[in-house]
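1. The sequence and its predicted three-dimensional model are supplied below.
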Amino acid sequence: MDYGQHRYEQQKKADEAEKQKRLAAKFNTPKEMQFSTRIGDHDLEFKLKKVLEFLEDGYRVQLTVKHKREEEAAAAEALDYLVARIQSSVAVEAAAKQQRRRALTILVKPKGTPEQTAAS
């Protein structure tokens, strides 16, 4: 094997490693879905459907409920409601917490679900 072929193979390996690194970073960065405490029923259904699609694709999803200062209790209640609506197919990675005027939690698809084990 000549030096040019060796360099080519080394570059291919480096490119593949970089691609894998980018893919890992892509799936570790959570997608964020924002809700309001006053969201309508149809909007809620649509956003929850999108959250489930993200989870099926393997992304982590951060649910954020924006609220006004006087709605803090309602925001925590809304976040609990959202998690309860999709609890059957997800695992909660980070428990609900308050940050300024936002309540948030992070969801992931649990390891070893029937879809993942069948694909392996």
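-> Structure's in. What do you need? The model shown is predicted, which means the values in this text are computed figures rather than measured ones.
2. and residue 33, helix, strand or coil?
-> strand (DSSP: H, G, I helix; E, B strand; the rest coil).
3. so it makes contact with residue 59?
-> No - using C-beta atoms under 8 Å, residue 33 is not in contact with residue 59, being 10.6 Å away. For glycine as for every other residue, the C-beta is placed from the backbone atoms N, C-alpha and C.
4. Spell out which residues are contacts of both of these two.
-> Common neighbours of residue 33 and residue 59, counting by C-beta atoms under 8 Å, 6 or more residues apart in numbering, are absent.
5. Now residue 97: closest residue in space that isn't a chain neighbour?
-> residue 104 (6.5 Å; C-beta to C-beta, 6 or more residues apart in numbering).
6. Distance check, the one you found against residue 80.
-> With distances taken as C-beta to C-beta, to the nearest Å, residue 104 is found 12 Å from residue 80.
7. buried stuff in the longest strand along the chain?
-> The longest strand of the chain (DSSP state E) is strand 91-99. Residues of strand 91-99 classed as buried: residue 96 (neighbour count, 16 or more other C-beta atoms under 10 Å).
8. what does the helix or strand hosting residue 55 contact?
-> If you go by DSSP states H and E, residue 55 is part of helix 41-56. Applying C-beta under 8 Å, 6+ apart, the contact partners of helix 41-56 are 31, 33, 35, 39, 61, 63, 82, 85-86, 89-90, 107-109, 115.
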